[in-house]
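Asks: Model the structure of this input:
(chains A and B)
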Amino acid sequence: MTQFSFTLDATDGAARTGTIHTPRGDIKTPAFMPVGTAGTVKAMFPEDVRATGADIILGNTYHLMLRPGAERVASLGGLHKFMNWQSPILTDSGGYQVMSLSSLRKLTEEGVSFASHIDGSRHMLTPERSIEIQCLLGADIQMQLDECPAIPIEHAKAAASMRLSLRWAERSKRAFEEKSKPGQALFGIVQGANFEDLRRESLSRLMEIGFPGYSIGGLAVGEGRAEMFRVLDFTTPHMDRAKPRYLMGVGKPGDIVGAVARGVDMFDCVLPTRAGRHGQAWTPEGAINITNARFAEDGEPLDPASSCPASRDYSKAYLHHLFKAGEYLGAMLLTWHNLHYYQQLMAGLRAAIKAGRLAEFVADFRAKTCEETL
RNA sequence: GGAGGGGUGGGAGAGUGGCUAAUUCCAGCAGACUGUAAAUCUGCCCGCUUCGGCGUACGGUGGUUCGAAUCCACCCCCCUCCA
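Replies: Numbers count the residues shown, from 1 in each chain, chains lettered A, B, ... in the order given. Reported below is the predicted structural model:
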């Protein structure tokens, strides 16, 4: 059986391109992972997600534990079979919900107790239970439970939070060693808000514990792009060269381009799917809102040269109409288009790194989209 | 011809003397969304504006009143029923 491993194929400055090998298939990096929180990449068929170029998608421990329940998914053959996605799946631990559902949870050393956002019932998520659930789901790449605090945050609070996440990292690893199957991987998560000393402490302690990959958590939580890049600048250079680096929850295309240039290998974000459902489309020239009146009579598709049917075969006027009429197909097509755009961006980044032309690629991206990536 | 009901901002529809440039919904215009409580949320939506206001406004005209979308008179129009 293929073990989990990472091979680095080429570098260009700090940027890298490589391959993550898993028993369920390879993941080309830099990789973008569409988010499928509740066992579905919303508004998409799994085969279409695959066809956009996605090697791996995300699932979520918290959501699936509440509904339909991890044990039920396990008894039905695991998440891959349940949702008809045979490629790798990465699951978040529920750590993000510690922040996003902060009004519904209680945090202790032991773990997080949630009042379900669905029915109010109480659920305890400990590092051990989070790993158990991720194993029941059958996730190929699993995340330690962590606390993801928003920025700005005081140094003392960020330090205490980061150290709690470190203790949870150790507990997660012990539980993972007990419950996981060969070929699965557990990533540790670097925290420490936007403080260099805390990020360094978090990273070096995680590397002592030892993980097959490292996530950078707690970014894109209110600090802004420039500050996020500043944190990456003093974090990625100290990360293990031989292990994949995953910037969690990021981001906009410009965020991804800038982070790849700083040595990040993996990304996930709800933006292409959520914004797609909300009428926003990314094009090579930047983001547009298809509901704008100026598209009402625009007979051109989003990208006539695209290999994606959603981008190529439907006019902006038609997409505009679908959104104005509240038709489901509008959300489906824009989600499809956005995911394809993101995957094309990743493919472009990989090719540029391999060719040693990342700087040109970034300059071209900036010129076309007017997005800041430095 | 008679009896009743009704005419409010693009539409629907609240409001029956000052707290009303007028609740709310829809339509319209724009913005946001970053490990998904999101097919969601926010703002604008009579005209002008130096964004503090100013001017007009609740079918029409005239009146009562310090003050009227709200009360009175007449006129116009619409709906229902009876002839």
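Asks: End to end on stretch A:60-72, go ahead and measure it.
Replies: 15 Å (Cα to Cα, to the nearest Å).
Asks: Check the stretch 251-374 of chain A for the residue nearest RNA strand B and tell me.
Replies: Scanning the stretch 251-374 of chain A for proximity to RNA strand B using Cβ to the nearest atom of the strand identifies residue A:251 as nearest, at 2.5 Å. Heads up, the C-betas are built off the backbone N, CA and C, glycines and all.
Asks: Identify the residue nearest the geometric centre of chain A.
Replies: Most central in chain A under Cα atoms, centre = their mean is residue A:268, positioned 1.7 Å from the mean C-alpha point.
Asks: So it, which state does it fall into?
Replies: The local conformation at residue A:268, judged by DSSP: H, G, I helix; E, B strand; the rest coil, is strand.
Asks: Who are the contact partners of it?
Replies: By Cβ atoms under 8 Å, 6 or more residues apart in numbering, the contact list for residue A:268 reads A:32-35, A:58, A:90, A:246, A:248-250.
Asks: What separation do you get for the nearest residue to residue A:352 once chain neighbours are set aside and residue A:120?
Replies: In space, residue A:352 comes closest to residue A:361 once its chain neighbours are excluded; the distance is 3.7 Å by Cβ to Cβ, 6 or more residues apart in numbering. Here the distance between residue A:361 and residue A:120 works out to 49 Å (Cβ to Cβ, to the nearest Å).
Asks: who has more neighbours, these two?
Replies: residue A:361 (21 against 9; other Cβ atoms under 10 Å).
Asks: Buried residues in the helix or strand encompassing that one, which are they?
Replies: Assigning secondary structure by DSSP states H and E places residue A:361 in helix A:358-369. Within helix A:358-369, the residues that qualify as buried are A:358, A:361-362, A:365-366, A:369, counting by 16 or more other Cβ atoms under 10 Å.
Asks: mind listing the helices for the stretch 1-150 of chain A?
Replies: Listed from the start of the chain, the stretch 1-150 of chain A has helices (DSSP state H, counting those that start in this stretch) covering A:46-51, A:61-66, A:70-75, A:79-83, A:95-100, A:127-137.
Asks: And the ones you listed, which one averages the lowest pLDDT?
Replies: Per-stretch mean pLDDT for the helices of the stretch 1-150 of chain A is lowest at helix A:95-100 (a mean of 92).
Asks: Please consider this matter closed, and thank you.
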